[in-house]
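Participant: here you go, sequence then predicted model.
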Amino acid sequence: MPDDELPEVSGFVVTGHAQRADSPDYLTAVDVASRERVLLRLLGSMDDAERAAVAASLQPFSAVSDENLDRPVGLAAEDDVLVVPTRTWRLDTMPAPPTVPGQVVTVVAPVAQALAALHSAGLAHGTLRAEVITVDDEGRPRLSETGTAAALHALAPREIPAPSPSADRRDLLSLLADQAAALGDTSFGALVTDLVDGDADPSAVADRLLAEVQPVALGDPAPLDEPSSSPPTPTRARWPWLVLALVLSAVAVAVVAIVSTPDDESTPSALPTPTTDPTPTRASAERMPAATSDTSVSPAPGTPAPSPGLAPAGTQLC
């Protein structure tokens, strides 16, 4: 079915087909109510009896509480589809899969503990493979799609076998062997071979792995862009300080210019106010020398002024 012919599911926005090797009957979607990403497993048209049988098969899984188990699958309210919670990555599509024994332990030990919790409640997973191990944004693995195998068996009991703990144990050991073989670590490979040959149950697998190998965190499932060698300069934040520095510099220059200017002898208390009037004031006229070439000394005070038209005494007349 091409993407332009995607089915409509009430309460969900279907976005495309999920790329899965185990089944083509999965759709990617968004839950309208919770805004969470989910997978939708198409079941085909069901009658009332079949729908009731599927709902009853899923009910016991909701009572199992374990931090390594993702939420169990549910049945859509109006359509014949299973609603499967999903995370950022699956183990089979991670850009940074396990590369050292400690990272394999980080994945497999929690899955084994989740299976042990299911088996203690009298339930089984039934579809354990890399596609159902999800990894969240913090690199934490969880066992997902619990209840899918039970729902499919309830829908077609003659064609699909019921999930069993023994099948879960074989699938867990097969997953562990595949992950160890990809590393090529001789010492870790010997440990895994011992567990596989002993047909260890999930609880024993988890205990043995955690006792002999130190868990190592997975690589970042959503790697960020590499930071640049030199962080960008916050130019916007520096502008106010730059303007303030320029203002202070201008004020300092003005103050220095005022302080270094010599005071006028005639006005010691204040600087003269410039004027555009070319006519000198009375005070300035008194200070200005007369516009004459006479260099004689002015008469002392009290000396009578010479009569007009008469030359001063001692002056030789031509």
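Facilitator: Structure received.
Participant: tell me where the stretch 1-150 of the chain has helices.
Facilitator: Counting by DSSP state H, counting those that start in this stretch, the stretch 1-150 of the chain has helices at residues 48-58, 101-120, 148-155.
Participant: with just CA atoms, put stretch 165-175 into CSV.
Facilitator: Extracted in CSV, the C-alpha atoms of stretch 165-175 (Å, rounded to 0.1, in the frame of the first residue of the first chain):
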residue,chain,number,x,y,z
PRO,A,165,8.5,-18.9,28.6
SER,A,166,10.6,-21.6,26.9
ALA,A,167,10.4,-19.7,23.6
ASP,A,168,11.3,-16.5,25.4
ARG,A,169,14.4,-18.2,26.9
ARG,A,170,15.6,-19.5,23.5
ASP,A,171,15.0,-16.1,21.9
LEU,A,172,17.0,-14.3,24.7
LEU,A,173,20.0,-16.6,24.4
SER,A,174,19.9,-16.3,20.6
LEU,A,175,19.9,-12.5,20.9
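Participant: for residue 172, which of the helices of the stretch 1-150 of the chain is the nearest?
Facilitator: Of all the helices of the stretch 1-150 of the chain, it is helix 101-120 that lies closest to residue 172, at 5.9 Å by Cβ to Cβ. Bear in mind the C-beta positions are built from the backbone N, C-alpha and C, glycine included.
Participant: quick one: which of the helices of the stretch 1-150 of the chain is nearest residue 196?
Facilitator: Of all the helices of the stretch 1-150 of the chain, helix 101-120 sits nearest to residue 196, with 12.1 Å by Cβ to Cβ.
Participant: which strands and helices sit next to that closest one?
Facilitator: Contact analysis of helix 101-120 by 3 or more Cβ pairs under 8 Å, 6 or more residues apart in numbering; DSSP states H and E lists strand 141-143, helix 165-183, helix 186-197, helix 202-212 as its packing neighbours.
Participant: quickly compare those and say which is most buried.
Facilitator: Each of these was scored by mean neighbour count; the highest is strand 141-143, a mean of 23, by mean count of other Cβ atoms under 10 Å.
Participant: contacts for it, please.
Facilitator: Contacts of strand 141-143 with the rest of the structure, by Cβ atoms under 8 Å, 6 or more residues apart in numbering, involve 68-70, 87, 91, 106-107, 110-111, 114-115, 125, 128, 132-136, 218.
Participant: got it, and stretch 164-184?
Facilitator: Outside of stretch 164-184, the residues within contact range by Cβ under 8 Å, 6+ apart are 97-101, 104, 107-108, 111-112, 115, 118-119, 124-126, 128-130, 188-189, 192-193, 195-196, 199-202, 205.
Participant: I'd like the mean pLDDT over that stretch, please.
Facilitator: What stretch 164-184 shows for mean pLDDT is 95.
Participant: now the helices and strands packed on helix 101-120 in TSV, with distance to residue 43?
Facilitator: TSV is the format used below for these (distance: least, Cβ to Cβ, whole Å):
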stretch	distance to residue 43
strand 141-143	22
helix 165-183	22
helix 186-197	35
helix 202-212	28
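Participant: which one of those lies closest to residue 12?
Facilitator: strand 141-143 (21.7 Å).
Participant: still on that earlier bit, now the helices of the stretch 1-150 of the chain in JSON lines, with mean neighbour count, distance to residue 141 and mean pLDDT?
Facilitator: JSON lines is the format used below for the helices of the stretch 1-150 of the chain (neighbours: other Cβ atoms under 10 Å; distance: least, Cβ to Cβ, whole Å; pLDDT from 0 to 100):
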{"stretch": "helix 48-58", "mean neighbour count": "14", "distance to residue 141": "23", "mean pLDDT": "96"}
{"stretch": "helix 101-120", "mean neighbour count": "23", "distance to residue 141": "5", "mean pLDDT": "96"}
{"stretch": "helix 148-155", "mean neighbour count": "22", "distance to residue 141": "18", "mean pLDDT": "96"}
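Participant: quick one, which of these gets closest to residue 25.
Facilitator: Judged by Cβ to Cβ, the one of the helices of the stretch 1-150 of the chain that comes nearest to residue 25 is helix 148-155, at 10.4 Å.
Participant: check which helices and strands the closest one sits against.
Facilitator: In terms of contacts (3+ Cβ pairs under 8 Å, 6+ apart), helix 148-155 is packed against helix 48-58, strand 81-85.
Participant: try 10 Å
Facilitator: strand 37-42, helix 48-58, strand 81-85 (3 or more Cβ pairs under 10 Å, 6 or more residues apart in numbering; DSSP states H and E).
Participant: and residue 163, which of those is closest to it?
Facilitator: Nearest to residue 163, of those and by Cβ to Cβ, is helix 48-58 at 10.0 Å.
Participant: identify the residues contacting the nearest residue to residue 60 once chain neighbours are set aside.
Facilitator: Excluding the flanking residues, the one nearest residue 60 by Cβ to Cβ, 6 or more residues apart in numbering is residue 123, at 5.9 Å. Shown in contact with residue 123 (Cβ atoms under 10 Å, 6 or more residues apart in numbering): 60-61, 63-64, 72, 115, 117, 146-147, 150, 163, 165, 168.
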